[in-house]
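Colleague: got a predicted model here, sequence first, then my questions.
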Amino acid sequence: MTGARTGPVHDPAGAERRARAQLRPEHYDFIAGGAGEETALRENEDAFGRLALLPRVLRGGAERGTRVGVLGREWAAPLFVSPTAFHRLAHPDGELATARAAAATGTPLITGMAATTAVADVVAAARARDPEAVVWFQLYLQPEHEVTTALVRRAERAGCSALVVTVDSPVFGTRTRDLRNGFHDLPPGLAAENMRDLLPGAAPGGTRDIAMWPAGWDDLRRLRDLTDLPLVLKGVLHPADARTAVEQGVDALLVSNHGGRQLDAAPASVEALPAVAEAVAGRVPLLMDGGVRRGSDVALALALGAVAAGVGRPVLWALATGGEDGVAQMLTALREDFDRVLALCGGHRPEDLTADQVVPRGLPHRRPEGERAW
Ligand SMILES: Cc1cc2nc3c(=O)[nH]c(=O)nc-3n(C[C@H](O)[C@H](O)[C@H](O)COP(=O)(O)O)c2cc1C
Ligand SMILES: O=C(O)C(=O)c1ccccc1
């Protein structure tokens, strides 16, 4: 049969179940959990479930492709790996395995300051698979400007091609599961390697060593002056902030509620996307993450204004059960799933997906007066 599935089957729920069986319970909870009552966490996936895609028909499309352009580079698909802390909790190869898998599948990777592998080693691992691999560095603005500066220099020297500043974390969200489990520190032997020698005391070993701090637009301007790398703001949900960010010369926005781990009352990322897209009006590219689990989620995000969608937890589940191969299979399956959804929607390229193709699920409660159902 033409077009039959040949690659790995995409099974997001199964991947999490298998990872859970393998991880220490407090590590599983750290990854799976959200803030407070985990409303924002649940909403990220549920919101996609409330949206349907209206396919267009008879549009041809034998010449289909998934490539997109972002900040001057071509990406294989509108898909990237969002920054998540502590990959060595999931697998001994940690960020090295993730970096190799991302590069091997042509997927851009955002590695974070809370990685358990130094950014230079992460970039080297990616470039060993693909010399053109795209790696960005995520950071939190630090209370001491010298620490921020040192982190930026580490990312520049490593060869990262953009900085992602996470701005949704003036304080750490209330992580209910971590509090219940007493999980605050990394196991012996693991450390937040990017922070090494930047903080007083021993090797940075836990969530408390990554300062989240209430930075302001002034601090962002100082960062702008510090580096020529493109700046991406992560965690913008309010359209007014999106507008300010564009005025401040930010190069891209990543619309995100931090996987439901910061403000529990925040909307789902995909629900915040349309208003941000309207405010930005195409002046900078929009990325999004939160609850992206299948090709149709990527397609919905694109139709609502994003140029690409990121995955956080699915990477860690795949890493826990399958290391580099597991992550590569997951990313490949997700890309293939998106490609099929794009075709079924009548699209030839990711840009062909439009907002008129997104409709809410569920019948309207009341039909307009006098109108028949057929
Ligand atoms: C275990 C874990 C650690 C995370 N660490 C960071 C981090 O250090 N910096 C950051 O900006 N976002 C962090 N995030 C948020 C992700 O970048 C991303 O916004 C979120 O995971 C996307 O949602 P998803 O997990 O539903 O795909 C983390 C998320 C998880 C699950
Ligand atoms: O950002 C997060 O969600 C997160 O879990 C984390 C943990 C430790 C350090 C930095 C971020």
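Modeller: In hand now; what should we look at? Ligands and ions are numbered 1, 2, ... in the order given.
Colleague: now the longest helix anywhere in the chain: average pLDDT?
Modeller: Looking across the chain with DSSP state H, the single longest helix is helix 313-344. Per-region confidence: helix 313-344 scores 98 on mean pLDDT.
Colleague: okay, buried residues for that helix please.
Modeller: Neighbour counts over helix 313-344 (16 or more other C-beta atoms under 10 Å) mark 313-324, 326-344 as buried. Bear in mind the C-beta positions are built from the backbone N, C-alpha and C, glycine included.
Colleague: do it and ligand 1 meet at all?
Modeller: Yes - using C-beta under 6 Å from any ligand atom, we find that helix 313-344 touches ligand 1 at R313.
Colleague: packing partners of that helix?
Modeller: Helix 313-344 sits against helix 12-22, helix 25-32, strand 79-81, helix 94-104, helix 295-303, with contacts defined as 3 or more C-beta pairs under 8 Å, 6 or more residues apart in numbering; DSSP states H and E.
Colleague: closest one to ligand 1 among the ones you listed?
Modeller: In terms of C-beta to the nearest ligand atom, the element of the helices and strands packed on helix 313-344 nearest to ligand 1 is helix 25-32, at 4.3 Å.
Colleague: other SSEs contacting the closest one?
Modeller: Using 3+ C-beta pairs under 8 Å, 6+ apart: helix 25-32 touches helix 12-22, helix 176-181, helix 313-344.
Colleague: one more time with 7 Å, if that's ok
Modeller: With contacts defined as 3 or more C-beta pairs under 7 Å, 6 or more residues apart in numbering; DSSP states H and E, helix 25-32 has these neighbours: helix 176-181, helix 313-344.
Colleague: D228 is nearest to which of the helices and strands packed on helix 313-344?
Modeller: D228 lies closest to strand 79-81 among the helices and strands packed on helix 313-344, at 21.6 Å (C-beta to C-beta).
Colleague: elements contacting that closest one?
Modeller: Counting by 3+ C-beta pairs under 7 Å, 6+ apart, the packing neighbours recorded for strand 79-81 are strand 109-112, strand 308-311, helix 313-344.
Colleague: which one of the ones you listed lies nearest to ligand 2?
Modeller: Per C-beta to the nearest ligand atom, nearest to ligand 2 of the helices and strands packed on strand 79-81: strand 109-112, 7.2 Å.
Colleague: mind checking if that closest one is in reach of ligand 1?
Modeller: Yes - Strand 109-112 reaches ligand 1 (C-beta under 6 Å from any ligand atom) through G112.
Colleague: what about that strand, near ligand 2?
Modeller: No - shown here: strand 109-112 not in contact with ligand 2 (C-beta under 6 Å from any ligand atom), separated by at least 7.2 Å.
Colleague: hmm, back to that, columns distance to ligand 2 and mean neighbour count on top of the helices and strands packed on helix 313-344, output as a markdown table?
Modeller: Shown next, in a markdown table, are these (distance: least, C-beta to the nearest ligand atom, whole Å; neighbours: other C-beta atoms under 10 Å):
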| stretch | distance to ligand 2 | mean neighbour count |
| --- | --- | --- |
| helix 12-22 | 16 | 16 |
| helix 25-32 | 7 | 19 |
| strand 79-81 | 15 | 24 |
| helix 94-104 | 14 | 26 |
| helix 295-303 | 20 | 26 |
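Colleague: mean pLDDT added to these, as CSV?
Modeller: Below are those laid out as CSV (pLDDT from 0 to 100):
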stretch, mean pLDDT
helix 12-22, 95
helix 25-32, 98
strand 79-81, 99
helix 94-104, 99
helix 295-303, 98
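Colleague: so what's the closest residue to L353 other than its chain neighbours up against?
Modeller: Spatial nearest neighbour of L353, chain neighbours left out: A303 (4.2 Å); criterion: C-beta to C-beta, 6 or more residues apart in numbering. Neighbouring residues of A303 by C-beta atoms under 7 Å, 6 or more residues apart in numbering: 353-355, 357-358.
Colleague: any figure for the gap between A303 and W75?
Modeller: For A303, the distance to W75 (C-beta to C-beta, to the nearest Å) stands at 18 Å.
Colleague: now W317
Modeller: For W317, the distance to W75 - C-beta to C-beta - is 23 Å.
Colleague: check T227 too.
Modeller: Taken as C-beta to C-beta, the span from T227 to W75 is 22 Å.
Colleague: more neighbours, these two?
Modeller: Taking neighbours as other C-beta atoms under 10 Å, T227 and W75 compare with W75 leading, 20 against 15.
Colleague: how many neighbouring residues does D185 have?
Modeller: When neighbours are counted by other C-beta under 10 Å, D185 comes out with 12.
Colleague: hmm, the longest helix of the chain touching ligand 2?
Modeller: No - residues of helix 313-344 are not located near ligand 2 by C-beta under 6 Å from any ligand atom, the shortest gap being 10.5 Å.
Colleague: after that helix comes which helix or strand?
Modeller: strand 358-360 (DSSP states H and E).
Colleague: what's that next one in contact with?
Modeller: Residues contacting strand 358-360 (C-beta under 7 Å, 6+ apart): 50-54, 300, 303-304.
Colleague: and which of the residues you listed is nearest ligand 1?
Modeller: L300 (14.1 Å).
Colleague: that closest one and V270 touch, don't they?
Modeller: Yes - between L300 and V270 there is a contact at 6.4 Å, judged by C-beta atoms under 7 Å.
Colleague: thinking again about what came up before, what's the closest of the helices and strands packed on strand 79-81 to V119?
Modeller: Comparing these by C-beta to C-beta, strand 109-112 comes nearest, at 5.8 Å.
Colleague: out of the contacts of A303, who's the most crowded?
Modeller: L353 (25 neighbours).
Colleague: how far away is that one from ligand 2?
Modeller: To ligand 2, L353 is 29 Å away according to C-beta to the nearest ligand atom, to the nearest Å.
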